[in-house]
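A.B. asks: Quick one, what's the 3D model for this:
(chains A and B)
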Amino acid sequence: MNYLLGAFKPACNVVITFNDGKNRKQVPFKKENGQMVTVPLFQSQENIAGKITIEPMQGKKIDHNGVKVELLGQIEMYFDRGNFYDFTSLVRELDVPGEIYERKTYAFEFSTVEMPYETYNGVNVRLRYVLKVTINRGYAGSVVEYQDFVVRNYSPPPQINNSIKMEVGIEDCLHIEFEYNKSKYHLKDVIIGKIYFLLVRIKIKNMDLEIRRRESTGSGTNTHVETETLAKFELMDGAPVRGESIPIRLFLSPYELTPTHRNINNKFSVKYFLNLVLVDEEDRRYFKQQEITMYRLQEETS
Amino acid sequence: MMLDGTEDEEKFLAAGIAGLQQNSFYMHRALDSNNLRDALKYSAQMLSELRTSKLSPHKYYELYMRAFDQLRKLETFFEEETRRGCSIIDLYELVQHAGNILPRLYLLCTVGSVYIKSKEAPAKDVLKDLVEMCRGIQHPVRGLFLRSYLSQVSRDKLPDIGSEYEGDADTVADAVEFVLQNFTEMNKLWVRMQHQGPAREKEKREKERSELRDLVGKNLHVLSQIEGVDLDMYKDVVLPRVLEQVVNCKDELAQFYLMDCIIQVFPDEYHLQTLDVLLGAYPQLQPSVDIKTVLSQLMERLSNYAASSADVLPEFLQVEAFSKLSNAIGKVIEAQPDMPTVGVVTLYSSLLTFTLHVHPDRLDYADQVLGACVKKLSGKGKIEDNRATKQIVALLSAPLEKYNDIMIALKLSNYPRVIEYVDIRTTKVMATVIIQSIMKNGTRISTSEKVEALFELIKGLIKDSDGIPNDELDEDDFKEEQNSVSRLIQMLYNDDPEEMFKIIDTVRKHILTGGPKRLPFTVPPLVFSSLKLVRQLQGQEENPFGDDASTTPKKIFQLLNQTIETLSGVLAPELALQLYLQCAEAANDCELEPVAYEFFTQAYILYEEEISDSRAQITAIHLIIGTLQRMHVFGVENRDTLTHKATGYSAKLLKKPDQCRAVYACSHLFWVDDHDNMKDGERVLLCLKRALRIANAAQQMANAARGSTGSVMLFIEILNKYLYFFEKGNLQVTVAAIQGLIELIMNEMQSDTTTPDPAANAFLASTMRYIEFQKQKGGAVGEKYEAIKVSHAG
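C.D. replies: Numbering: from 1, shown residues only, chains lettered A, B, ... in the order given. As a prediction, the model looks like this:
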């Protein structure tokens, strides 16, 4: 009976700390259960080092077959929830089989870790990074503890960043030229542009600029696409006449954007589009969609 | 339908106001607790009420004004927020996160105002951004009001010279550029309003548009208030840009209104110095634009400017204002071949007014204007449009009013040519105006050339136009206008006899074309003017060296004879007779017996041949007797002829009493005071006795006709004549004769057949009192009267 009781109680407390935890930037992170927590932020090529403390419950000892810590990069498809695909897996052995009678602290270090993909929480897929501590105890039940952290990878401003110029029209109805000042935007950037009206024969009610995110998961015949409209930003109210030029200025900071992801480990992609939508007085929509590249710009330290 | 629409609008407005008030309530709570996030949220929701398309511009204005009041408070909050540490730059970005564009832009303008005040960025940069971003509203009404808001919050923050927001060297240009841009966009939106909605509501839309015009025009007012807009900037930047927009918008309502605004809000000096540019725009306006009104207002303003100070005249001359205006008007009219006559005349009328104000000494300019007007009218024939007619009257009246001297107007050679294009009625109106001008100002018209020109101008009153009768004119009006001509003729005068004679001859030539209805009005004043000249000449000594060209009374009398003769055979023989007698008397004063005799002959002929009405005959015969009595120039033979004729006419009057009175009046023909050679007591007595016989005959006729004798009034009248001549010393009138007459009267009055006559009784009584009075005077007269015994019956 005592044996059974012991089997169901946590045998020990496991605490994972990072060596530079106090100075490192913390960012919000939503766990599987929807709870928001703050976790450390890392980027690729950084050292991930810290301490793991194992403290037995009062009056108990822990017989184990070894203690290890793993750094995992995982992709989970929501249609196959619970099954993780590990694209990164690093292991550090912390202790040999033995007994733990009192609090014991192990140091760990993963040097210059390649974490090529950013943490991502999407509609059908998520990509995450965790530290996993395992106290192997065979039949007694191993003790496993997780610590999430976020990875963001910064890019310098692109050397080539052409503006987007497009001329579109409907024969004898509508003819416009529009221009976005860049094709690549950072997450706190501003979309600046103009729409020229060369021919207007429809009764336009208004014009919006939408930011759309398209998430595609799977591959081949199993590809699944989910599109979200993140922003619906009105550019124009009323009908312009030929020759009018309408300004575009859309700040990106209010919106929760991520960098563009292209074919992450052949599992998923995340792309962004600007969609120019004209609505006429009978609520018919005329639109033109244009892909843009989102990147995360190194933040200024000032 | 209209009622339903109005009611619906009221509901929509009420709903909009309710929504606005609710959100402003929450906004105020956020402001009070310094909650920026909520303040932005609720203010954006409040402003969303302005996104409606269900209100007419008038109702939308009400909603806008309420929102405006709230935005004032929000602006104050934003200022306080920046003082609490919030970066204005961050705030400027923050308000741009709003998803709907109209609230976003109102908030942007509001924060922009605070941004300028903070001076953390140059005013020009903020303004430039705002005016550019507002392009996002292309709905005409919503866009107009938004830009109106921008204009309001910015007008005290323009980077003008002297402003606390003054920038670098180009600061004024920056301020001007901002206002011009906003104006341009507002005008485009305003013009575009006309295309919104179904065609059947076009008129309603134009009315609505008109209600909003001040929102657009306000920009021009702001431009005129910018301190740094000097003449050069106005000339090089402001005016060309504004006119470009005005011309290119191709909208009648906007063009008319904005041209008027330009004229009203900018200084006169600027208009004068940019006259080329301003006038160059007029031919480019839409044909339907009422250019004449706008141009007229411009010329009126310039006229007033010229009148304000004598110092500005060189400016007008330097810029050649007159010739530019003239050319511009010509071009405007050419650009619109279909311009109605009223437009053409209005333009020239305004130009003439301008000319008279600015260049009163340049008659050639005024005449040039009239000439140009004539040229334009020459292709249109007679003016039939009432409004055009009024303008013509204004055009032609302008010189008269300006100079108060018809003589100056007469120097305008094109003046009469303009008159040729008006209809009959207007010709008369103008003639009347001219005459009134002369009367009012006492203008002296003193040469025959001027008279010639004047009568050409007023010929509408002088004669009938080609074959068109005066049936339309009622008699009173006709008399009134002819009386004014008469008064005019009286005023024509020159001290020099030669010139005065020419004047008379000129007038005569003109009035003789007037026809039978006019001559009775116009000949008399001419006759009297002529006689006045005769009297003037009479006072001068005879010039033995005068040649045949000299004016002499005889010449004048010849002219008068011909002139009066025109009255003889037509409607006014009585008038002609009177005039002949007047002339005869004048000739008498000049000792011209043959002339006087001729005038009397003409008078007598008229009496015999033309005057048949017995009443008229009575009047005429007394005039003849009266005039003849005063004549002293006649020799014995002529006088006998004329007096014999007169007494003969008297005795032939229809009624006995009239005969009696005329005959006893003739007695005076034979007794002229101060002329002893013209005293013939015997013939006086003969007349009186003849009168007595006629009186007796009258009594007998009355007795036979009515069974009673008539009044003794005639006898009493004759008695008074007896006494008159008795007192004058006519020895033929004896006491016995008087005594006998008195007894006759007494007997008649006491006769049973005599009709009682209180008037006769009174007359007799006063006659008797006169005799007694004279007796009591004593002296020679007393002695003479003493011999007359007056018997009182009862």
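
A.B. asks: Can you list phi and psi of A:Arg285 for me?
C.D. replies: Here is the backbone geometry of A:Arg285 (degrees, to the nearest 10): phi -110, psi 140.

A.B. asks: Bridge partners for it, pull those for me.
C.D. replies: A:Val279 (DSSP bridges).

A.B. asks: Let's see the pLDDT reported for it.
C.D. replies: pLDDT, A:Arg285: 81.

A.B. asks: now it: how far from chain B?
C.D. replies: Separation of A:Arg285 from chain B (C-beta to the nearest C-beta, to the nearest Å): 17 Å. Using the backbone N, CA and C atoms, a C-beta is placed for each residue, glycine as well.

A.B. asks: Would you agree that residue is in contact with A:Leu278?
C.D. replies: Yes: counting by C-beta atoms under 8 Å, A:Arg285 does reach A:Leu278; the two are 7.1 Å apart.

A.B. asks: and those two? which has more neighbours close in?
C.D. replies: Under the criterion of other C-beta atoms under 10 Å in any protein chain shown, the comparison of A:Arg285 against A:Leu278 puts A:Leu278 first, with 24 against 10.

A.B. asks: Around chain B, which positions in chain A sit nearby?
C.D. replies: Proximity of chain A to chain B, by C-beta under 8 Å from any C-beta of the partner chain, involves residues A:204, A:206, A:231-241, A:244-247, A:249, A:251, A:253-254.

A.B. asks: same thing but at 10 Å, please
C.D. replies: Residues of chain A lying near chain B by C-beta under 10 Å from any C-beta of the partner chain: A:190, A:194-195, A:197, A:200, A:203-208, A:231-241, A:243-251, A:253-255, A:281.

A.B. asks: Can you work out which residues contact both of A:Arg285 and A:Leu278?
C.D. replies: Each of A:Asp208 lies in contact with both A:Arg285 and A:Leu278 under the rule C-beta atoms under 10 Å, 6 or more residues apart in numbering or on different chains.

A.B. asks: Give the burial count for residue 137, as a bare number.
C.D. replies: No chain was given, so I picked chain A. So A:Arg137, with other C-beta under 10 Å, has 16 neighbours.

A.B. asks: my bad, chain B
C.D. replies: B:Ile137 is flanked by 26 other residues according to other C-beta under 10 Å.

A.B. asks: Please apply the same query to A:Ser89.
C.D. replies: There are 11 residues near A:Ser89, going by other C-beta under 10 Å.

A.B. asks: just B:Gln659 next, same as before
C.D. replies: Neighbours around B:Gln659, by other C-beta under 10 Å: 23.

A.B. asks: Isn't it up against B:Met701?
C.D. replies: No: taking contacts as C-beta atoms under 10 Å, B:Gln659 lies outside contact range of B:Met701: 11.5 Å.

A.B. asks: tell me the contacts of the residue in the stretch 101-250 of chain B positioned nearest to chain A?
C.D. replies: The minimum distance from the stretch 101-250 of chain B to chain A, using C-beta to the nearest C-beta, falls at B:His139 (2.8 Å). By C-beta under 10 Å, 6+ apart, the contact list for B:His139 reads A:204-206, A:236-240, B:51, B:53, B:102, B:145-146, B:189, B:192-193, B:196.

A.B. asks: State whether A:Ala107 is indeed within a helix.
C.D. replies: No: using DSSP: H, G, I helix; E, B strand; the rest coil, the assignment for A:Ala107 is strand, not a helix.

A.B. asks: Mind splitting chain B into its structural domains?
C.D. replies: Annotated domains of chain B cover B:1-120, B:122-266, B:289-422, B:427-538 [the TED database].

A.B. asks: would you turn the ones you listed into JSON lines with mean pLDDT and distance to B:Lys655?
C.D. replies: As requested, the domains of chain B are exported to JSON lines (pLDDT from 0 to 100; distance: least, C-beta to C-beta, whole Å):
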{"stretch": "domain B:1-120", "mean pLDDT": "85", "distance to B:Lys655": "81"}
{"stretch": "domain B:122-266", "mean pLDDT": "87", "distance to B:Lys655": "78"}
{"stretch": "domain B:289-422", "mean pLDDT": "81", "distance to B:Lys655": "52"}
{"stretch": "domain B:427-538", "mean pLDDT": "79", "distance to B:Lys655": "28"}
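
A.B. asks: Excluding chain neighbours, what is closest to the residue in chain A that chain B sits nearest to?
C.D. replies: As assessed by C-beta to the nearest C-beta, chain B sits closest to A:Gly238 within chain A, at 2.8 Å. The spatial neighbour of A:Gly238 that comes closest, neighbours along the chain excluded (C-beta to C-beta, 6 or more residues apart in numbering or on different chains), is B:His139 at 2.8 Å.

A.B. asks: who's in contact with the residue nearest to A:Asn121 when sequence neighbours are not counted?
C.D. replies: Spatially, and ignoring its direct neighbours in sequence, A:Asn121 is nearest to A:Lys30 (6.1 Å; C-beta to C-beta, 6+ apart). By C-beta under 10 Å, 6+ apart, the contact set of A:Lys30 is A:36-37, A:121, A:126, A:148.

A.B. asks: Torsion angles phi and psi at A:Lys30?
C.D. replies: Backbone geometry at A:Lys30, expressed as degrees, to the nearest 10, gives phi -100, psi 120.

A.B. asks: Please report the distance of it from B:Gln659.
C.D. replies: Here the distance between A:Lys30 and B:Gln659 works out to 142 Å (C-beta to C-beta, to the nearest Å).

A.B. asks: Same question for B:Ile424.
C.D. replies: 50 Å.

A.B. asks: cool, and B:Val216?
C.D. replies: 92 Å.

A.B. asks: for B:Phe557, same thing?
C.D. replies: 33 Å.

A.B. asks: And for B:Asp90?
C.D. replies: In terms of C-beta to C-beta, B:Asp90 sits 124 Å off from B:Gln659.

A.B. asks: ditto for B:Asn327
C.D. replies: B:Asn327 is 80 Å from B:Gln659, by C-beta to C-beta.

A.B. asks: do B:Leu31 as well
C.D. replies: According to C-beta to C-beta, B:Leu31 and B:Gln659 sit 115 Å apart.

A.B. asks: next one: B:Ser378
C.D. replies: 67 Å.

A.B. asks: got it, and B:Thr563?
C.D. replies: 34 Å.

A.B. asks: now do B:Lys652
C.D. replies: 8 Å.

A.B. asks: A:Ile192 now?
C.D. replies: Distance from A:Ile192 to B:Gln659, by C-beta to C-beta: 121 Å.

A.B. asks: cool, B:Leu457 as well?
C.D. replies: Going from B:Leu457 to B:Gln659 by C-beta to C-beta gives 52 Å.

A.B. asks: before we move on, which element is the residue nearest to B:Glu185 when sequence neighbours are not counted in?
C.D. replies: Excluding the flanking residues, the one nearest B:Glu185 by C-beta to C-beta, 6+ apart is B:Arg147, at 6.1 Å. Element membership for B:Arg147 (DSSP states H and E) is helix B:140-154.
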